[in-house]
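Asker: Here you go, sequence then predicted model.
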Amino acid sequence: MDNKDKFLPIGTVVRLKGGKREIMITSYCIVPNGDIYDKTGKIENPKQQMFDYGACFYPEGMLVTDQTFAFNHDQIEQISFMGYETDKQHELSDTLITGAEKIKKELENLNMQQESQI
């Protein structure tokens, strides 16, 4: 999915590229602070990174509070259901687009500084 001119509304149900199950967007601009896993298993010494969205399995919802899917907009393959959209949600989307890029750049700089100190 290549349309990145907005953040999708909370409640939107998507399937990620290579994914088999649908997930529902529950949050924006998350920075994981626990163990991080990808398709191959646990990532050792992960860099601090912000992701566009947080999500849970659909339709089950959040079964365990410390397990959240973190992903970026460009990883979405299909939108199955669009969440509730209002003027407030559109305003938030515009704000997030600008703010998210700034935060991502700050985290990249922080990671580079930490790597240079090692």
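Answerer: Yep, that arrived. Residues are numbered from 1 along each chain as shown.

Asker: In whatever helix or strand residue 102 lives in, which residues are buried?
Answerer: Assigned by DSSP states H and E, residue 102 falls within helix 87-116. Within helix 87-116, the residues scored as buried using 16 or more other CB atoms under 10 Å are 89, 92, 93, 96, 100, 104. Backbone N, C-alpha and C define where each C-beta goes, glycine included.

Asker: Could you pull up the mean pLDDT of that helix?
Answerer: Mean per-residue pLDDT for helix 87-116: 81.

Asker: Does anything pack onto it? Which helices or strands?
Answerer: strand 23-30 (3 or more CB pairs under 8 Å, 6 or more residues apart in numbering; DSSP states H and E).

Asker: Other residues contacting the strand it packs on?
Answerer: For strand 23-30, contacts defined as CB atoms under 8 Å, 6 or more residues apart in numbering pick out 7-16, 50-58, 61-62, 68-70, 83, 92, 96, 99-100, 103.

Asker: What's the ChimeraX line that selects buried ones from the residues you listed?
Answerer: To isolate in ChimeraX the members of the contacts of strand 23-30 that are buried, counting by 16+ other CB under 10 Å, one can use:
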select :7,8,9,10,12,13,14,15,16,50,51,52,53,54,55,56,58,68,69,70,92,96,100
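
Asker: Please narrow the contacts of strand 23-30 to those residing in strands.
Answerer: With DSSP state E as the criterion, strands contain 13-16, 51-57, 69-70 from among the contacts of strand 23-30.

Asker: Pipe those residues into a markdown table and attach pLDDT and distance to residue 39 per row.
Answerer: A markdown table is the format used below for the ones in strands among the contacts of strand 23-30 (pLDDT from 0 to 100; distance: CB to CB, whole Å):
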| residue | pLDDT | distance to residue 39 |
| --- | --- | --- |
| 13 | 98 | 21 |
| 14 | 97 | 17 |
| 15 | 97 | 15 |
| 16 | 95 | 10 |
| 51 | 90 | 15 |
| 52 | 92 | 18 |
| 53 | 94 | 17 |
| 54 | 93 | 18 |
| 55 | 95 | 16 |
| 56 | 95 | 18 |
| 57 | 94 | 16 |
| 69 | 90 | 12 |
| 70 | 91 | 13 |
